[in-house]
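1. quick one: sequence and predicted model below, then my questions.
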Amino acid sequence: MTLEEIKNAVLEGKTVYCGNTNYKVIRSKIAFDEYEFLIVCQSNGYTVGLTWKDGFTMNGQESEFFIKEDK
C-alpha cells in the first residue's frame, strides 16, 4: 500500500497493519486540528511514526502494509 492508501484507509475506519497483526497503524490527535499516523506494537505499546520526519519515507515497505477486513 502507498502512503496515501494507508492514510485514507485509516481515515475511512479500516484496520491497517504493518508486517503482521501485531503492528497496527493508527491516527493520533496532536493538536486541535492536527493528526499524526503511528505504527503501534499491540503487545508492548512501542510506537513509531508511520513516516520519518520528512513525512514521506515510511517506516516499513509498501508491500508490508495490509488491510484486515473486520467481520
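-> Received it, and whenever you're ready, just let me know what you need. Numbering: from 1, shown residues only.

2. going forward, measure contacts and count neighbours with C-alpha atoms only.
-> OK.

3. what ranges does this protein have for its strands?
-> Assigned by DSSP state E, the chain shows strands spanning 15-18, 20-31, 34-41, 47-49, 65-68.

4. next, the buried residues of the fourth one.
-> Buried positions in strand 47-49, judged by neighbour count with 16 or more other Cα atoms under 10 Å: Gly49.

5. what helices and strands are in contact with it?
-> Packing partners of strand 47-49 (3 or more Cα pairs under 8 Å, 6 or more residues apart in numbering; DSSP states H and E): strand 34-41.

6. list the buried residues for the strand it packs on?
-> Buried residues in strand 34-41 (16+ other Cα under 10 Å): Phe37, Leu38, Ile39, Val40, Cys41.

7. where does this structure have low pLDDT?
-> Residues of the chain meeting the criterion pLDDT under 70: 70-71.

8. one step back: for Lys7, which of the strands of the chain is the nearest?
-> strand 34-41 (7.5 Å; Cα to Cα).

9. which residues touch that closest one?
-> 7, 18, 22-30, 46-51 (Cα atoms under 8 Å, 6 or more residues apart in numbering).

10. same thing with stretch 48-61?
-> The contact list for stretch 48-61 (Cα under 8 Å, 6+ apart) reads Leu3, Cys18, Val25, Glu36, Phe37, Leu38, Ile39, Val40.

11. so can I have CSV of these showing distance to Phe66?
-> Output for those, formatted as CSV (distance: Cα to Cα, whole Å):
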residue, distance to Phe66
Leu3, 12
Cys18, 7
Val25, 10
Glu36, 19
Phe37, 15
Leu38, 15
Ile39, 13
Val40, 14
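
12. going by distance to Ile67, which of those wins?
-> Nearest member of those to Ile67, counting by Cα to Cα, is Cys18, at 9.0 Å.

13. quick one: contacts for the closest residue to that closest one other than its chain neighbours?
-> Setting aside the residues directly before and after it, Cys18 is nearest to Phe65 in space (Cα to Cα, 6 or more residues apart in numbering), at 4.4 Å. Neighbouring residues of Phe65 by Cα under 8 Å, 6+ apart: Met1, Ile6, Val16, Tyr17, Cys18, Gly19.

14. farthest-separated two in those residues?
-> The largest separation in the contacts of Phe65, counting by Cα to Cα, is between Ile6 and Gly19 at 13.3 Å.
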